[in-house]
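A.B. asks: Structure, please.
(chains A and B)
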Amino acid sequence: MDIIFTAIRGARSGTREAPAVSSVWHVAEVVGEVRENATARTIRLRVDGLMGHLAGQHIDIRLTADDGYTAIRSYSVASTSEDEHLEITVDELPDGEVSPYLVRDLTVGDRLEIRGPVGGWFVWRPSNANRVQLIGGGSGVVPLMSMIRAHQASNNSAPFRLLYSLKSPDASLYRGELHRLDQESAKLMVDYVYTRSTPEGWPATPARLTSESLLGKIFPMEENLDVFVCGQTVFVETVADWLVMAGYSPESIKTERFGGTGGIR
Amino acid sequence: MGIISSGFRGRRSENPALPPGQHETQDFPVLTAGPAPLIPVDEWEFFITAENGQRLSWSWNEFMALPQEEITKDIHCVTSWSKLGTVWRGVSLDTLFENVETTSDFATAHSFGGYTTNVPLWDLLGGKAWVVWEFDHVPLERAHGGPARLLVPHLYFWKSAKWIHGLELTGEDVPGFWESNGYHLHGNPWREERYS
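C.D. replies: This is a model prediction of the structure:
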């Protein structure tokens, strides 16, 4: 997923407890890949000397052409610190400079450079006792998946709920894993909103997310609730506004956006 | 030179306006850590507080009566996009600081909604920073920081706090929101001061 996570508005300035961000570039080797859907794939990287990361953080990837030209983009980490390898899931942007190479050309054994992990805001920590509502649009589910996996790997028993808005069942990332966790895990509930086509026998017709359908599929506002929203800009803006209008406290809502249109990242 | 990715071509840009590691976008991505606050202009004010207790403030109408400037600048986001030749309208911080007496070297920008970011005073004065309320000849949208935002275009764009409320002058450089979350205290794009 391509993210734009930058600036502005949150509550207080917190104390620093994220692992120190490394500004140096590490060499990463591609050790595996999983095709997620028609446009996205997960890339598994072995990185020597990389520190652990917090669920929700991103890394920067640097590609260098044979004449020295470089391009840098940020991608959310999908795996957890518990995993042996670091995984990112990249959705190909139609007009992208870097994502088509990562999705189509990169192969096992290739090497590239990474920097990070970065980010101490849009993160979930296993020490967090709050209930967690995750709301993802399209490939915005990537950093949320890292949180789900970290939560599953921990003994944190606070309930997690994911609302995943996507075009169609085929467009899903982590489809099998999410289905399995929804069935088997007592501490995760997954809800889907399909906007263009639904699985067979689905009880609803495809429709865009509305304030009503959103509020009917998420934890109600309560004091000890954290909400993480990630997706394209319009999705995130709209969802965050609906939540605030419905009485969810702005301080409980953390957002992260990514660009789905050409040239943003 | 780093690891070569055979077959990677990329898009060459020889544009000297782009700092290292940046690429140009025509869009204007929205970047926020939480929901966008709604601030009616009749509840808006801009303040400056100095370490000696001095407090100046302007209502929206007072602010709009100050000399306005049109500013055309390139902006650079730490997430690696740059947008060139953006056009803004607003009030220079030199104008707002005319009657401020301070020995402080730093400022913390405070936004409605609680966001903060720290900027050295020398990066705010001398024709380098503005409080802007118009982008591309129309009033600034709420998502982009309306009714008004700080504009410090020579630093990474997270320093250009949206929904700006005021500046608190401080003797020390106190990390703001992103600066406490892994980002550089200063944020000069030409030196790639991205992360701490």
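A.B. asks: Would you map the strands across the stretch 51-200 of chain A?
C.D. replies: Applying DSSP state E, counting those that start in this stretch to the stretch 51-200 of chain A gives strands spanning A:58-64, A:70-76, A:86-91, A:111-118, A:131-137, A:160-166, A:188-194.
A.B. asks: out of those, which comes closest to B:S196?
C.D. replies: Taking CB to CB, strand A:111-118 is the member of the strands of the stretch 51-200 of chain A nearest to B:S196, at 10.0 Å. C-beta: built from backbone N, CA, C; applies to glycine.
A.B. asks: what distance separates the closest one from the middle of the whole chain?
C.D. replies: Here strand A:111-118 is found 17 Å from its chain centre; the criterion is CA atoms, centre = their mean, to the nearest Å.
A.B. asks: try stretch B:70-80
C.D. replies: 9 Å.
A.B. asks: coming back round to it: make CSV out of the strands of the stretch 51-200 of chain A and add mean neighbour count.
C.D. replies: Converted to CSV, the strands of the stretch 51-200 of chain A look like this (neighbours: other CB atoms under 10 Å in any protein chain shown):
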stretch, mean neighbour count
strand A:58-64, 22
strand A:70-76, 24
strand A:86-91, 25
strand A:111-118, 22
strand A:131-137, 25
strand A:160-166, 23
strand A:188-194, 18
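A.B. asks: Relative to A:A240, which of those strands is closest?
C.D. replies: strand A:131-137 (9.2 Å).
A.B. asks: what about A:D241, is that helix, strand or coil?
C.D. replies: Secondary structure, DSSP: H, G, I helix; E, B strand; the rest coil: A:D241 is helix.
A.B. asks: Flag every buried residue along stretch A:240-257.
C.D. replies: For stretch A:240-257, a neighbour-count test (16 or more other CB atoms under 10 Å in any protein chain shown) marks A:240-244, A:248, A:250, A:252-257 as buried.
A.B. asks: same thing with stretch B:5-13?
C.D. replies: B:5, B:8, B:10.
A.B. asks: just stretch B:55-75 next, same as before
C.D. replies: Neighbour-count burial for stretch B:55-75 [16+ other CB under 10 Å]: B:56, B:58, B:60, B:63, B:66, B:68, B:71, B:73-75.
A.B. asks: Ramachandran angles for the residue nearest to A:L173 when sequence neighbours are not counted?
C.D. replies: The shortest distance from A:L173 to any non-neighbouring residue, by CB to CB, 6 or more residues apart in numbering or on different chains, is to A:E36 (4.8 Å). When read as degrees, to the nearest 10, the backbone of A:E36 gives phi -90, psi -40.
A.B. asks: Could you check how far A:E36 is from A:F258?
C.D. replies: 16 Å (CB to CB, to the nearest Å).
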